[in-house]
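Peer 1: Just a sequence and a predicted model for now, questions to come.
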Amino acid sequence: MKKLITIIVPAFNEEESLPSTIERLNKLATSQPKYNFEFLFVNDGSRDKTAEILNDLATQNGHVSVINFSRNFGKEIAVAAGIDHAQGDAIVMMDADGQEPPELIPEMIKWWEKGYDDVYARRHVRADSRLRKFNSAAYYRTLQKMTRVPIQIDTGDFRLLDKKCIMALRQCHEVSRQNKALFSWIGYKKKEITYDQKPRQVGETKWHFGFLSAGNSLFNLAIDGFTSFTTLPLRYITVAGLAALLIDFIYLVVVIIRACLGLSQDAGFNTLLIIILLMGGIELIAMGILGEYVGRTFNEAKHRPLYLIQDMHQAKFESKETKDGRDKASK
Ligand code: UDP
Ligand code: MG
């Protein structure tokens, strides 16, 4: 009985990239005859021809499964849907734009066969803009200091996960998701391999740095990462409050002593203004941080489904149970 590997590919407006990605995946399948492959595409509410391309592909190719979302839910959720519906003994996640080479998958499989549960690909060369690389490095360094979960640096979602990890991830239902945080959080035996990331061939990145936007903003992703890894920022607020109180107390003592000694007191209008603005700023930031956590609690408390499916096509594979059943029947 061949092992089945599900390749999960989230796709949002990827009509231009899909043909070459599909071709590369087919090549992979023919180069690995020892395994069965399921190609599971999650069409994340695309507005171009992505759905048509994928639905056509599913009718022609028996290894292709397609999930069409009812609207755009975002990449993190698309990957979650892939994890929920994957039929494989292992899954590999990759983007539709060909930035992550499917040619690396045989090496991932090799390490999986050696007993690793999570074989992740680290970008030796990263094709993103300088600003994005800098932000990303600083972000993960800070985050690592705030959690005891080891975080994989320079790693995207491109990785192979064993069934154990799939079962673990299916138990994580959070709406504010950052998959990378979850992959780190679940633990299991991890193995790093490296690759050189190529620039996007066609189409453009779906991410932006938008600070106040709800869409595919890297800023939102970053905060989701923080709030899903650690509640330490809340502790920092307490520490900042204590520090302000201490400084205030010292100042109070100084003022009392000066009054007792009959020394002149500063009129101090400027000092007052600076301190009021400083404290106001700190308080608002503190409320903002608190708000991020409260807002996420609110979203989770709604218990809405993570995603809604418009329609779905699942490839049929012979499962171990049916095969065992048939073997027994024929005996
Ligand atoms: N994607 C998605 N839903 C979205 C945005 C992106 O499914 O709302 C998919 C996209 O089609 C691609 C992958 O996520 O397969 C990564 O997106 P992109 O290449 O734009 O991100 P980058 O490589 O710049 O991180
Ligand atoms: Mg990309």
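Peer 2: That came through fine. Quick caveat: nothing in here was measured; it's all calculated off a predicted structure. Ligands and ions are numbered 1, 2, ... in the order given.
Peer 1: so which helix or strand takes in the residue of the chain most remote from its centre?
Peer 2: Relative to the mean C-alpha coordinate of the chain, counting by C-alpha atoms, centre = their mean, the farthest residue is G262 (62.9 Å). Using DSSP states H and E, G262 falls within no helix or strand.
Peer 1: do you know how far it is from ligand 2?
Peer 2: According to C-beta to the ion, to the nearest Å, G262 and ligand 2 sit 71 Å apart. From N, CA and C alone the C-beta is placed, and that goes for glycine too.
Peer 1: any idea how far that residue lies from P10?
Peer 2: Using C-beta to C-beta, to the nearest Å, G262 is found at 74 Å from P10.
Peer 1: can you check V239 too?
Peer 2: Here V239 is placed at a distance of 39 Å from P10 (C-beta to C-beta).
Peer 1: Could you do E100 as well?
Peer 2: From E100 to P10 the distance is 12 Å (C-beta to C-beta).
Peer 1: Between these two, which is the more surrounded one?
Peer 2: Neighbours per residue, other C-beta atoms under 10 Å: of E100 and P10, the larger number sits with P10, 28 against 24.
Peer 1: Show the model's pLDDT score for E321.
Peer 2: At E321, the pLDDT value in this model is 54.
Peer 1: Check A329 too.
Peer 2: If you check A329, the pLDDT there is 51.
Peer 1: And for G281?
Peer 2: 83.
Peer 1: Around it, how many other residues sit close by?
Peer 2: By other C-beta under 10 Å, 10 other residues sit near G281.
Peer 1: mind listing what's buried in the helix or strand containing it?
Peer 2: Assigned by DSSP H and E, G281 belongs to helix 269-301. Residues of helix 269-301 classed as buried by neighbour count (16 or more other C-beta atoms under 10 Å): 286, 289, 292, 296.
Peer 1: now those residues in JSON lines, with distance to ligand 2?
Peer 2: JSON lines is the format used below for the buried residues of helix 269-301 (distance: C-beta to the ion, whole Å):
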{"residue": "A286", "distance to ligand 2": "36"}
{"residue": "I289", "distance to ligand 2": "30"}
{"residue": "E292", "distance to ligand 2": "27"}
{"residue": "R296", "distance to ligand 2": "26"}
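Peer 1: tell me the SS of V92?
Peer 2: State at V92, reduced to three classes by DSSP: H, G, I helix; E, B strand; the rest coil: strand.
Peer 1: And the residue of the stretch 151-300 of the chain that's closest to ligand 2?
Peer 2: Per C-beta to the ion, R200 is where the stretch 151-300 of the chain lies closest to ligand 2, at 5.1 Å.
Peer 1: Quick one: name the residues of the chain near ligand 1.
Peer 2: Within the chain, the residues that sit near ligand 1 (C-beta under 6 Å from any ligand atom) are 10-12, 14, 44, 72, 74-75, 78, 95-97, 99, 205-207, 216.
Peer 1: hmm, back to that, next secondary structure element downstream of the helix holding G281?
Peer 2: Next helix or strand after helix 269-301 toward the C-terminus (DSSP H and E): strand 309-313.
Peer 1: Which residues does that next one contact?
Peer 2: 55, 58, 64-70, 81, 85 (C-beta atoms under 8 Å, 6 or more residues apart in numbering).
Peer 1: ok, and the closest non-adjacent residue to R258?
Peer 2: Using C-beta to C-beta, 6 or more residues apart in numbering and skipping the chain neighbours, the partner closest in space to R258 is Q265 (6.2 Å).
Peer 1: Measure how buried M94 is and give me the count.
Peer 2: Counted with other C-beta under 10 Å, M94 comes out at 25.
Peer 1: residue ranges with poor pLDDT in this structure?
Peer 2: For the chain, residues meeting the criterion pLDDT under 70 lie at 266-267, 319-331.
Peer 1: Please report the number of neighbouring residues for the nearest residue to D162 once chain neighbours are set aside.
Peer 2: Nearest non-adjacent residue to D162, counting by C-beta to C-beta, 6+ apart: D117, 4.1 Å away. As a burial measure, D117 scores 21 neighbours (other C-beta under 10 Å).
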